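>>> Model the structure of this input:
(one chain, ligands or ions: 1)
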Amino acid sequence: MNIQSKIQEHNLKRRDGHRFQLQYAAELLIRKNIDFQDVVNKIKKFQIAIPSWALGTGGTRFGRFPAGGEPRSLEEKIEDVGLLNALNRSSDSISLHIPWDVPRDVPALKQLLVAHSLSIDSVNSNTFQDQPGQPLSYKFGSLCHTDAAVRQQAIEHNIECIRHGKALDAKVLTVWLADGSNFPGQQHFRKAWQNTADALAHIYKAMPDDWRMLVEYKPYEPNFYSMVIPDWGTSYTLCQTIGKNAQVLVDLGHHLPNTNIEQIVARLMHFGRLGGFHFNGSMYSDDDLTTGSIKPYQLFLIFNELVDAMTDPTVNNPSPAWMIDASHNTKDPLEDLLQSVQNILATYAKALLVDRAALAAAQLSNDVVAAEELLRDVFAIDTRVLVAEAARQLDGAIDPIGVFREAKVRETLIKNRGAKGVATGL
Ligand SMILES: [Mn+2]
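Okay, here's the model as predicted:
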């Protein structure tokens, strides 16, 4: 299938409707003294990594209903992300999970990445499962384990991840630990923290100087009494202990209900330690739904803080790594990812439209209503046309899901790969 000709054909069909909406948006921005093309250029630059594990159908512990045509190898995962990127021009990299995505033929993979204009963004270690043939079990933890031999095995696994990542020119190691306890008294909290800090420091030393280690937190699950890294504060203290290239990773689903995530984001950027972001949507906690599907206003408030810090020259925070971390058990995984990216970019675009000088003035004079109205006004603007225009200018699709369906992508994938395939690692 030649997706590029399908995109052109489709854009031509939608040209008039797109121009009509674009004209209105451009006029609106002129009235707000905002340079339209400047906003579009910023959207074009905002690239969101796709995780290899989100390309297949996810399951719950009750069941799994495959979409069919799922990628059976790392090569096929690269092809799927290449397709997404051709459609939306905003997903130019992939996050790998080791050992699910251990690269076999590195030169061939590199060629395939170049052919699809993709790169490897990060490698994610996995010490939350036992792998076949693994000598020691992670049942009672990995980097925090009471037994030094288990900790050593987990350290070596992370170093192996760095090795695979180096071979494919990645620059980020993401560490999420399932370590914790299920019952009171089970774990010595202070010793568990110290073991984890010492082990992370070991792994950090094995990392090249231009790499970053992202330390993810999560309040509960799979352990339900305590997690060793339950919150951003614990991640932050670990990162401070390890070194400047260790930074906190915020996963939107890794918070207790009603947590003020936008404030966490602001704090971390103020301290220069927001290293990365895992986008997803949630109703309760780690639901891994489509980004922006349940609480779009919260996503906007988060982006408002991100943009505020990113445009403030006094903030010294490295450019965060943007990634999706979601799972889809009812939607077509590729359509879900296209929706997620569109929601992320449209929300980012809204945050770019906030009048920061007026907001600062309203805050300074404690004009609560004026400050809130500045945000509400921008939130109500439909910015999807700006996202579509950014994609169009880069030869992507005005309506990526529309092309995906018109080109019968899923049907073709099922024909080529089979209906029952299960994406590796899932
Ligand atoms: Mn995550």
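>>> Pull out the buried residues from the helix or strand harbouring Tyr297.
Element membership of Tyr297, judged by DSSP states H and E, is helix 296-310. Across helix 296-310, burial judged by 16 or more other C-beta atoms under 10 Å covers 296, 298-310. To be clear about C-beta, it is placed using only N, CA and C from the backbone, and glycine gets the same treatment.
>>> Make JSON lines out of those and add distance to Asp286 and pLDDT.
Output for the buried residues of helix 296-310, formatted as JSON lines (distance: C-beta to C-beta, whole Å; pLDDT from 0 to 100):
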{"residue": "Pro296", "distance to Asp286": "19", "pLDDT": "98"}
{"residue": "Gln298", "distance to Asp286": "15", "pLDDT": "98"}
{"residue": "Leu299", "distance to Asp286": "16", "pLDDT": "98"}
{"residue": "Phe300", "distance to Asp286": "21", "pLDDT": "98"}
{"residue": "Leu301", "distance to Asp286": "20", "pLDDT": "98"}
{"residue": "Ile302", "distance to Asp286": "17", "pLDDT": "98"}
{"residue": "Phe303", "distance to Asp286": "21", "pLDDT": "98"}
{"residue": "Asn304", "distance to Asp286": "24", "pLDDT": "98"}
{"residue": "Glu305", "distance to Asp286": "22", "pLDDT": "98"}
{"residue": "Leu306", "distance to Asp286": "21", "pLDDT": "98"}
{"residue": "Val307", "distance to Asp286": "26", "pLDDT": "98"}
{"residue": "Asp308", "distance to Asp286": "27", "pLDDT": "98"}
{"residue": "Ala309", "distance to Asp286": "25", "pLDDT": "98"}
{"residue": "Met310", "distance to Asp286": "26", "pLDDT": "97"}
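>>> which residues in the stretch 51-200 of the chain form strands?
93-97, 119-124, 172-175, 180-181 (DSSP state E, counting those that start in this stretch).
>>> could I get those strands as a markdown table with mean pLDDT, mean neighbour count and distance to the ion?
Formatted as a markdown table, those follow (pLDDT from 0 to 100; neighbours: other C-beta atoms under 10 Å; distance: least, C-beta to the ion, whole Å):
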| stretch | mean pLDDT | mean neighbour count | distance to the ion |
| --- | --- | --- | --- |
| strand 93-97 | 97 | 25 | 10 |
| strand 119-124 | 97 | 24 | 8 |
| strand 172-175 | 98 | 26 | 8 |
| strand 180-181 | 98 | 22 | 16 |
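>>> Can you tell me the centre-most residue of this structure?
Met323 (1.9 Å; C-alpha atoms, centre = their mean).
>>> On the pLDDT front, check the residue nearest to Thr383 when sequence neighbours are not counted for me.
In space, and not counting its chain neighbours, Thr383 is closest to Ala349: 3.8 Å by C-beta to C-beta, 6 or more residues apart in numbering. Note on Ala349: pLDDT of 98.
>>> that older thread, alpha carbons of the helix holding Tyr297, as CSV, please.
Taking C-alpha atoms only, helix 296-310 is exported to CSV below (Å, rounded to 0.1, in the frame of the first residue of the first chain):
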residue,chain,number,x,y,z
PRO,A,296,-9.3,17.2,28.9
TYR,A,297,-9.3,20.3,31.1
GLN,A,298,-6.7,18.6,33.4
LEU,A,299,-4.5,17.8,30.4
PHE,A,300,-4.8,21.5,29.4
LEU,A,301,-3.8,22.7,32.8
ILE,A,302,-0.8,20.4,32.8
PHE,A,303,0.3,21.7,29.3
ASN,A,304,-0.3,25.2,30.6
GLU,A,305,2.4,24.6,33.3
LEU,A,306,4.7,22.8,30.8
VAL,A,307,4.5,25.7,28.3
ASP,A,308,4.9,28.3,31.0
ALA,A,309,8.1,26.7,32.2
MET,A,310,9.4,25.9,28.7
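>>> change the start of the numbering to 9 and stick with it
All right, first residue 9 from here; so that's helix 304-318.
>>> helix or strand right after it?
strand 329-332.
>>> Just list what that next one packs against, helices and strands only.
strand 58-59, strand 127-132, strand 282-287, helix 341-360 (3 or more C-beta pairs under 8 Å, 6 or more residues apart in numbering; DSSP states H and E).
>>> Please repeat the previous calculation with a cut-off of 10 Å.
In terms of contacts (3 or more C-beta pairs under 10 Å, 6 or more residues apart in numbering; DSSP states H and E), strand 329-332 is packed against strand 58-59, strand 101-105, strand 127-132, strand 180-183, strand 220-224, strand 254-259, strand 282-287, helix 341-360.
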